[in-house]
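*Asks:* Here is a sequence with its predicted model. Questions after.
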Amino acid sequence: MQPVPDEALSGSYGGSRLTSDETAPDLLAFDGRGDLAHELTSEAPDPEDARILEAVADEAGWMTDVLQRLVRADTTLGNEEAGQAIVRAVMRELDLVPVDVRMDEEVLRAHPLASPFDWETDGKANVVATWAPADGASVNDGRSLILNGHIDVVSPEPLSQWGERDPFGGDHEDGWVFGRGAADMKCGLAAIFGAVRALRRLGLSPGAPIHLESVVEEECSGNGTLQTLLAGYTADAAVVAEPFGAAITTSQVGVLWFKVRITGVPGHAAEGRNATNAIEKSLSVIQSLRELESEMNVSPPPPYDLFTNPITLNVGAIKGGDWASTVPGVCVTHYRIALYPGHAVADLRSRIEQVVADATADQPGAAEVTYGGFASEGYDIPDDHPLVTTLAGAFTRQAGAPPALVSTTGTTDAGIFGNAGGIPAVCFGPYAEQAHGVGERVYLPSVVQTAQVMGLLIRDWCGLSG
């Protein structure tokens, strides 16, 4: 397994798989129809492979249109429905029946692997469509499959740094589509839909059910995908179409979100010696948590021993004080930290709470640690698992060279499938840049490539007839 370059890591899932000085076309090594793959392998492509590759390539314009429609919908937390409405329309275009899997707050809060949350879920729905075998029964020893993507995106703030570009504009320029969510990960949804559209246009039908999923809350909890599992949508394997660019992600860390509320002693700034500054106390807590981060990076297990500082602590938000001449009495800081596969969230929580208690033990006031959002453990799948080897074989036939197998210092919904559903899962998707950042974009030929590989995977994993 190859590590992911540190320079490429960003966002909830670890970002794209290239360092900043590499170019997408060099990595992809294809022209959208498999011709370059033929040159690399010096072998005549399988006629059925060639038919699938060409049919998917013919959907390039349609996939671009779908992607732009999705990017133009602001689907930040609480606004996901605008994108899901588009997803339902696209599924109907594919002659599939979209089903809403609504978020059930009571059920989620009762599940041991659900992430805690303090936001509204009423009215939110995951959207699932099932492409079933033509005769309603599995044929040709077909294995079922989930193709999953998330509709939610992070905030594009600060908007001022986008310049004249609208972060929800979906601009198409020089082979790229720009905008929040173009990379993370509406491009993956477009690829999923493009693969299915091409296969259906060829008159083909899968040998086992395929569930197409557009889920919510991947960016903050993974509870959307968990809700689909609880609704009964399971399969023999799952592929999450995150944009890892010509790589299959087989290992990921877990992620924990937490908040530390420091209560100090407010007072007049002129008599600050008699008060306790909650913001300054928070800075000392941050330093102590940085020491915990360093300890967790001392002896990382494989494959994370190939990374520099695979465990990252992020100080994501801070709010304290309300007046320049008043010593602030309260400060709340939001954090994100990772944990290795096989390590328990409960153990990490205990360590964090002890660090915070020790850092504030000799100071007036109080410190409280609370949790909301990600509480996900890491996940990995063996490199020789049939899902990995089957997907790698499909990629090799399309691209003319095998994909990289990578680990990531971010988390994805593959972990939800593996840990909560017992479903083997990997990530595979287009090449993208600047996820969660300014100028987020995806390389359109890689969207076509992803769809082509998915078309071949469906042939190999599920079987096709017609």
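*Replies:* Yep, that arrived. These numbers come from a predicted model, not from an experiment.

*Asks:* State the distance from V447 to I86.
*Replies:* Per Cβ to Cβ, to the nearest Å, V447 is found 16 Å from I86. For glycine as for every other residue, the C-beta is placed from the backbone atoms N, C-alpha and C.

*Asks:* okay, those two: which has more neighbours?
*Replies:* Higher neighbour count among V447 and I86: V447, with 32 against 21, using other Cβ atoms under 10 Å.

*Asks:* Now for the more buried one: which residues touch it?
*Replies:* By Cβ atoms under 8 Å, 6 or more residues apart in numbering, the residues touching V447 are A60, M63, T64, L67, C187, A190, A191, G194, P430.

*Asks:* how about D347, secondary structure?
*Replies:* helix (DSSP: H, G, I helix; E, B strand; the rest coil).

*Asks:* Break down the stretch 151-300 of the chain into its strands, ranges please.
*Replies:* Taking DSSP state E, counting those that start in this stretch as the criterion, the stretch 151-300 of the chain contains strands spanning 172-173, 176-178, 205-206, 210-215, 238-240, 247-252, 254-263, 267-268.

*Asks:* quick one on the thing from earlier: cross-reference the contacts of V447 with the helices and report the matches.
*Replies:* A60, M63, T64, L67, C187, A190, A191, G194 (DSSP state H).

*Asks:* what's the farthest-apart pair in those residues?
*Replies:* Farthest-apart pair in the ones in helices among the contacts of V447 is A60 and C187; separation 12.7 Å (Cβ to Cβ).

*Asks:* Endpoints of stretch 257-270, how far apart?
*Replies:* By Cα to Cα, to the nearest Å, the extent of stretch 257-270 from end to end equals 36 Å.

*Asks:* repeat for stretch 75-82
*Replies:* Termini of stretch 75-82 sit 6 Å apart (Cα to Cα).

*Asks:* returning to what we had before: could you check which of A60 and C187 has the larger neighbour count?
*Replies:* Neighbours per residue (other Cβ under 10 Å) separate A60 from C187, with C187 holding more: 32 against 17.

*Asks:* Show me where the stretch 1-150 of the chain has its strands.
*Replies:* 99-102, 125-131, 145-150.

*Asks:* so which of those strands is the most packed in?
*Replies:* strand 145-150 (a mean of 28; mean count of other Cβ atoms under 10 Å).

*Asks:* Run me through the strand neighbours of it, direction for each.
*Replies:* Strand 145-150 has its sheet partners listed here by DSSP bridges as strand 210-215 (parallel), strand 238-240 (parallel).

*Asks:* Need the winner for burial among these.
*Replies:* strand 238-240 (a mean of 29).

*Asks:* pLDDT averaged over that one - what is it?
*Replies:* The pLDDT scores in strand 238-240 average 98.

*Asks:* Which strand or helix spans the closest residue to A237 other than its chain neighbours?
*Replies:* Spatially, and ignoring its direct neighbours in sequence, A237 is nearest to L387 (4.4 Å; Cβ to Cβ, 6 or more residues apart in numbering). Assigned by DSSP states H and E, L387 falls within helix 386-399.

*Asks:* Can you dump the C-alpha atoms of stretch 103-118 in CSV for me?
*Replies:* Only the C-alpha atoms of stretch 103-118 are listed here, as CSV (Å, rounded to 0.1, in the frame of the first residue of the first chain):
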residue,chain,number,x,y,z
MET,A,103,-33.2,11.0,8.9
ASP,A,104,-34.7,9.6,12.1
GLU,A,105,-33.3,11.5,15.0
GLU,A,106,-34.6,9.1,17.6
VAL,A,107,-33.2,6.0,15.8
LEU,A,108,-29.9,7.7,15.2
ARG,A,109,-29.4,8.8,18.8
ALA,A,110,-30.0,5.3,20.0
HIS,A,111,-27.5,3.7,17.7
PRO,A,112,-24.1,3.0,19.3
LEU,A,113,-22.1,3.9,16.2
ALA,A,114,-24.0,7.1,15.3
SER,A,115,-22.2,10.4,15.7
PRO,A,116,-23.7,12.8,18.2
PHE,A,117,-25.3,15.9,16.7
ASP,A,118,-26.8,19.2,17.9
